[in-house]
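> The following block contains a protein sequence and its predicted model.
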Amino acid sequence: YWRWFADVSFVRYTWNGLMLNQFGPGGTTPENPTWLPTDKGSGVLDFFELGAASTPGKWMQFLYVSLFGIAFLLLTWLSMSHVRHTTR
């Protein structure tokens, strides 16, 4: 029942983007650092199941986070503009 919650969590997309930026192609950390115990030589992205072809790239993750920010801003503006706490 709560499966949809992971899809609308902006924390998921920021963490995925951070991991892809750090450990993906062109990242600042080697793909398989020595502190990570791995099976079959898989790297950090495979360990966290982010290396699959179905995982969007880091720029798509950034787009998702930006859209969440815009949506939260618009919802905040909409709720603040229609709620009145004064009674006259």
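Happy to help now that I have it. Numbers count the residues shown, from 1 in each chain.
> Sort out which residues of the helix or strand containing Ser79 are buried, please.
Assigned by DSSP states H and E, Ser79 falls within helix 58-82. Within helix 58-82, the residues that count as buried by 16 or more other Cβ atoms under 10 Å are Lys58, Gln61, Phe62, Tyr64, Val65, Phe68. No exception for glycine: its C-beta is placed from N, CA and C like everyone else's.
> State the mean pLDDT of that helix.
On average, the pLDDT along helix 58-82 is 92.
> for the protein, which residue is closest to the average position?
With the centre of the chain defined as its mean C-alpha position, the nearest residue by Cα atoms, centre = their mean is Tyr13, 1.0 Å away.
> Need the nearest residue in space to that one, chain neighbours excluded.
Tyr64 (4.3 Å; Cβ to Cβ, 6 or more residues apart in numbering).
> from what I can see the one you found touches Trp15, true?
No: between Tyr64 and Trp15 there is no contact, the gap being 11.6 Å when judged by Cβ atoms under 8 Å.
> if we can go back for a sec, can you lay out the buried residues of helix 58-82 as JSON lines showing distance to Asn21?
Formatted as JSON lines, the buried residues of helix 58-82 follow (distance: Cβ to Cβ, whole Å):
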{"residue": "Lys58", "distance to Asn21": "5"}
{"residue": "Gln61", "distance to Asn21": "9"}
{"residue": "Phe62", "distance to Asn21": "9"}
{"residue": "Tyr64", "distance to Asn21": "14"}
{"residue": "Val65", "distance to Asn21": "12"}
{"residue": "Phe68", "distance to Asn21": "18"}
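> of all these, which comes closest to Arg3?
Tyr64 (17.6 Å; Cβ to Cβ).
> Starting from Ser79, give me the distance back to that closest one.
22 Å (Cβ to Cβ, to the nearest Å).
> With Arg12 instead?
24 Å.
> related to what we said a few turns ago, how far does the helix holding Ser79 sit from the chain's center?
Relative to the centre of its chain, helix 58-82 is centred 14 Å away, using Cα atoms, centre = their mean, to the nearest Å.
> Check what contacts it and list those residues.
Phe10, Tyr13, Thr14, Asn16, Gly17, Leu20, Asn21, Gly24, Pro56 (Cβ atoms under 8 Å, 6 or more residues apart in numbering).
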